[in-house]
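# Here is a sequence together with a model predicted from it:
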Amino acid sequence: MNQVNHVGLTVRDLERSVAFYRDVVGFDVRVERVRSGGEWFDTLTGNSGAVLDVAMLSDGDFCLQLVQYREGGEPHAITGHHRVGNVHLSLDVADVETKRDEMIAAGVHDVTPIVALPVPGMRSFYVHDPDGIPVEFIEGAPG
């Protein structure tokens, strides 16, 4: 099987999203900001003339790429669990209660209650990143 290289999220405000994933979620910043775009990107994505800023964050072997379009992007995300093609991040934590308390202390306003999942011993809760992307913290994940 192929190994996942990274997951990329398009964001409205790179600094705000880096701060969320660094300070609230707990990722390490690998690349603070790189300006990108050009013919290679136009060819790869079919989005001619795009100019973007990119940051790379990691949590162990997992790499999260945050992309802010400076030119050629759409201004608003249409996110949600119920929308085809939308992503959510699910992150393992040792203790969902502690992590939930950290989210509330960090001022995250949309913290859901902790729920027991259908798999015995697993519990989770959700928050949303600054652009509304669902982020789940899950305890007791198998493996």
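Received the coordinates, thanks.
# any idea how far residue 87 is from residue 4?
13 Å (CB to CB, to the nearest Å). To be clear about C-beta, it is placed using only N, CA and C from the backbone, and glycine gets the same treatment.
# Neighbour count for the two, which is higher?
Between residue 87 and residue 4, counted using other CB atoms under 10 Å, residue 87 has the larger neighbour count: 12 against 9.
# which SSE is the more buried one in?
Using DSSP states H and E, residue 87 is not contained in any helix or strand.
# How about residue 90?
Using DSSP H and E, residue 90 falls in strand 89-92.
# next one: residue 101
helix 96-105.
# Average pLDDT for that helix, rounded please.
Mean pLDDT, helix 96-105: 95.
# C-alpha coordinates for that helix, CSV please?
C-alpha atoms of helix 96-105 as CSV (Å, rounded to 0.1, in the frame of the first residue of the first chain):
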residue,chain,number,x,y,z
VAL,A,96,-10.6,13.0,25.4
GLU,A,97,-11.7,14.7,28.6
THR,A,98,-8.3,16.4,29.1
LYS,A,99,-8.2,17.4,25.4
ARG,A,100,-11.7,18.7,25.5
ASP,A,101,-10.8,20.8,28.6
GLU,A,102,-7.8,22.2,26.7
MET,A,103,-10.1,23.2,23.8
ILE,A,104,-12.5,25.0,26.0
ALA,A,105,-9.6,26.7,27.9
